[in-house]
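>>> Need a 3D model of the following:
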Amino acid sequence: MGSSSRNGPTPRLLAAVAGVLLIAAACGGSDDQPASPVRTDGPTSDVGPPPAAASAGSDEPATPPTPDAPPPSEPATPEVTPPPAPAAAAGEPPPSEPPPPSEPPPSEPPPNEPPPNEPPSSPPAPVAAPEPTTGPVYGGTLFVGLEAETPGGWNPATQSCAVSCHTIMRAIFDPLTIADANGEPQPYLLESFESNEDFTVWTFRMRPGITFHDGTPANAAALATHFQNLLSGALPGQTLRRLTGWEVIDDLTLELYSEVSFAGLPGGLTGQLGYLAAPSQYADPDGAANPVGTGPFVFKSWIPDQELVVERNAGYWRTDAAGRSVPYLDRIVFRPIVESDSRKVALQLGDIHVTHSDTGLDFDHYRENFNTVEERSFLQTHHLLLNNAVPPFNDLDARRALAHCTDHETYNLLRTGGNFDIANGPFSPNTPGHLADNGFPTFDIEAGRALWAQLPDPGAVVLGTTNAPFDRTSAELLARMWDDCGIEVRISQLDQSALITNAVLGNFQVNLWRNHDGISLASERVWWHSNFTTGLALNLGRIRNEILDATLDEATVTTDRDELRRIAEDVNRILAEGVHNIWMHWVRWILPHREEVQNLARITLPDGQELLSILRGRAFLTETWIN
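A predicted model of the protein is given here:
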């Protein structure tokens, strides 16, 4: 781990930095900190989930009346992947078998890439589980297996938020905005947002009548408190530093002021920065351990490394498309289970109902044994994060050599089972900015060996990764490839917080990393613009490219989709020409779940539009039920 001078960041600040950085990025194969092994006191394979306690203060009857009609189906028919009966885990009794499928699961279609000069089609919808065969069922407890614990708690202004954190946050909090099927931000907890002509003044209006779980109003004053806390954070403050102030116009309206154009502000509020916490949580010294939001579920208890429990918010402001109250579930129990094999066994035995995974090698198992929901668009990019500011990768020839020496096809086959698409940039197919050919160097071992041999004493390359066994194997595979090019490699394994801290401080050469979904070019700007390369840097690769800076700045002054697509394509070409990172594959998340889980990841937007929403593995459980 790198050291800092006496005048550098304090250990407490570095801990906060390591946490906050995960708001938008995560490295390696796991997103937060290790947790306990799988527990086995959840629902079993032959017994349904235990009865749930009623929400605190709830007037909901123990058995709500049966709904009179099922929710409408999705506007567009999604692809279906019904599972065959699950096979028993080795050495374990077989779980109860679901009904056999009516047809075998379809093979995954290849991405339908448009030529670079043609407008892309709408992003493909996620691959959905079978449509529910009955209407919603109220009650029950859902057990969710998460890939990691979030050790610092649940403060949206300070906490790390990778996929496990987002899954819980989306149960307790509502985002101010939400991405629609095309990736465009739409009002969610906000009733509306609008800007002046040059995007330097934004007017946010809250929906009337919404209260936090503590009974206080979710109004403009609460929104102002939220932005004040965000700006006080080390790295969120950098993201929002263009804001110069705000004014509460009336009880529901807040006006925000920016010193320069800030066209992408609403799009940046679909995730952690948009999770609105109550002023009482921000005022509470232990607020991170006692979250208070407006969301569909109310925080009940948290035992770190064991479980977090939320219960139904009986006064939730939302309804489904048929006007029925949501959520349907009485309770959700979230359990961190770090080892992917342990999560597979827990799901097989029925100890949990649902989990998530971005490990391509597990996809075939999950598709064959469970219902699944899968991402198809706005995919994160697994890549090699290069430090462009230190030798040898401050030299373009060194970056090109490493790209030529990396066999993407072999890596993809051995580390994902061929389930992911090889990446040539940070914009996946059907994402604005994607190009089938952007000029990124291809695998050419002779060209790579020649370029590396010309470098003046490059020394050994230190490849950083997490201490997860899966990531160690990935690093060893890359080291063997690069050794064939004459590149000496040392592997450095660190716990995730240390790896991230080193990246923020610039104390690394090359790291295995995962980031960039391309959904908002304005939000991606902080990762590549030279304004964010000093001190505690969000531009982790320390990229300094004047042409790239000018191009990224163009995205801050427009919301025109065609213009943003053109800008993103230019960014793609510039990153490829400079080989500022080495792109490996586009990551897809899968949500495997048992057959009794219905309507997973579907949500009704406030305007009545239904959406199958899964982004970076994040899903809403608001309209999920258990048969």
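>>> May I ask which helix or strand encompasses residue 401?
For residue 401, the element it lies in under DSSP states H and E is helix 396-404.
>>> can you list the domains in this protein?
141-376+589-626, 379-587 (automatic domain parsing).
>>> Can you add mean pLDDT and mean neighbour count and give those back as a markdown table?
Every C-beta, even on glycine, is put in place using the N, C-alpha and C of the backbone. Shown next, in a markdown table, are these (pLDDT from 0 to 100; neighbours: other Cβ atoms under 10 Å):
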| stretch | mean pLDDT | mean neighbour count |
| --- | --- | --- |
| domain 141-376+589-626 | 94 | 21 |
| domain 379-587 | 95 | 20 |
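>>> I'd like these as CSV, with distance to residue 124 appended.
Listed next are those as CSV, based on distance: least, Cβ to Cβ, whole Å:
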stretch, distance to residue 124
domain 141-376+589-626, 4
domain 379-587, 6
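>>> To residue 134, which of these lies closest?
domain 141-376+589-626 (7.7 Å; Cβ to Cβ).
>>> Now do that closest one: distance to the chain's middle.
Distance of domain 141-376+589-626 from its chain centroid, counting by Cα atoms, centre = their mean, to the nearest Å, is 11 Å.
>>> That domain: end-to-end distance?
8 Å (Cα to Cα, to the nearest Å).
>>> Give me the phi and psi angles of residue 436.
phi -60, psi -30 (degrees, to the nearest 10).
>>> And it, how far from residue 407?
Distance of residue 436 to residue 407, given as Cβ to Cβ, to the nearest Å: 20 Å.
>>> Likewise for residue 347?
33 Å.
>>> could you pull out the helices for the stretch 251-400 of the chain?
279-283, 340-349, 363-369, 396-404 (DSSP state H, counting those that start in this stretch).
>>> Tell me which of the ones you listed lies nearest to residue 609.
For the helices of the stretch 251-400 of the chain, the distance to residue 609 is smallest for helix 363-369, at 28.3 Å, taking Cβ to Cβ.
>>> name the helices or strands packed onto the closest one?
helix 340-349, strand 590-593 (3 or more Cβ pairs under 8 Å, 6 or more residues apart in numbering; DSSP states H and E).
>>> what's the closest of the ones you listed to residue 229?
Of these, nearest to residue 229 by Cβ to Cβ is strand 590-593, at 31.0 Å.
>>> State the next helix or strand along the chain beyond that closest one.
strand 597-598.
>>> now what about the helix or strand following that following strand, what contacts it?
Sequence order places strand 602-604 as the next helix or strand after strand 597-598, per DSSP H and E. Identification of contacts with strand 602-604 by Cβ atoms under 8 Å, 6 or more residues apart in numbering yields 71, 74, 318-321, 326, 610-613, 620, 622-624.
>>> Which helix or strand contains residue 414?
Using DSSP H and E, residue 414 falls in helix 408-416.
>>> Distance to residue 241 for the helices of the stretch 251-400 of the chain - can I get that in JSON lines?
Listed next are those as JSON lines, based on distance: least, Cβ to Cβ, whole Å:
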{"stretch": "helix 279-283", "distance to residue 241": "20"}
{"stretch": "helix 340-349", "distance to residue 241": "38"}
{"stretch": "helix 363-369", "distance to residue 241": "40"}
{"stretch": "helix 396-404", "distance to residue 241": "30"}
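>>> Out of these, which gets nearest to residue 431?
Closest among the helices of the stretch 251-400 of the chain, using Cβ to Cβ: helix 363-369, at 20.5 Å.
>>> which outside residues touch the top helix by length along the chain?
Counting by DSSP state H, the longest helix found in the chain is helix 561-578. If you take Cβ under 8 Å, 6+ apart as the criterion, helix 561-578 is touched by 116, 119-120, 184, 396, 399, 424-427, 432-435, 438-440, 518, 521, 524, 528, 543, 545, 547-548, 551-552, 554-555, 558, 581.
>>> any idea what residue 492 is structurally, helix, strand or coil?
strand (DSSP: H, G, I helix; E, B strand; the rest coil).
>>> coming back round to it: what's the angle from the longest helix of the chain to helix 396-404?
100 degrees (axes from the mean of the first three to the mean of the last three Cα atoms, to 10 degrees).
>>> So which other helices or strands are in contact with the helix holding residue 401?
strand 380-386, helix 445-453, strand 581-587.
>>> Of the helices of the stretch 251-400 of the chain, give the one that comes closest to residue 305.
helix 340-349 (13.5 Å).
>>> Looking at the contacts of strand 602-604, which are in strands?
610-612 (DSSP state E).
>>> rewinding a little: which stretch among the helices of the stretch 251-400 of the chain comes nearest residue 419?
Of all the helices of the stretch 251-400 of the chain, helix 363-369 sits nearest to residue 419, with 4.6 Å by Cβ to Cβ.
>>> so what's residue 144 closest to, chain neighbours aside?
residue 334 (5.0 Å; Cβ to Cβ, 6 or more residues apart in numbering).
>>> got a list of what the one you found touches?
Contacts of residue 334 (Cβ under 8 Å, 6+ apart): 144, 146, 167-168, 307-310.
>>> Now flag whichever of those residues is closest to residue 509.
Nearest to residue 509 among these, counting by Cβ to Cβ, is residue 146 at 31.5 Å.
>>> Could you provide the helices and strands packed on helix 396-404 in JSON lines, with additional columns for distance to residue 600?
Listed next are the helices and strands packed on helix 396-404 as JSON lines, based on distance: least, Cβ to Cβ, whole Å:
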{"stretch": "strand 380-386", "distance to residue 600": "20"}
{"stretch": "helix 445-453", "distance to residue 600": "44"}
{"stretch": "strand 581-587", "distance to residue 600": "20"}
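>>> Which of those sits closest to residue 247?
Going by Cβ to Cβ, the one of the helices and strands packed on helix 396-404 nearest residue 247 is strand 380-386, 36.8 Å.
>>> Adjacent strands (with direction) for that closest one?
strand 510-515 (antiparallel), strand 581-587 (antiparallel) (DSSP bridges).
>>> Quick check: what element follows the first one along the chain?
Where DSSP H and E defines the elements, the next helix or strand beyond strand 510-515 is helix 521-528.
>>> which helices and strands does that next one pack with?
helix 546-554, helix 561-578.
>>> possible to save those helices as TSV with distance to residue 454?
Formatted as TSV, those follow (distance: least, Cβ to Cβ, whole Å):
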stretch	distance to residue 454
helix 546-554	25
helix 561-578	18
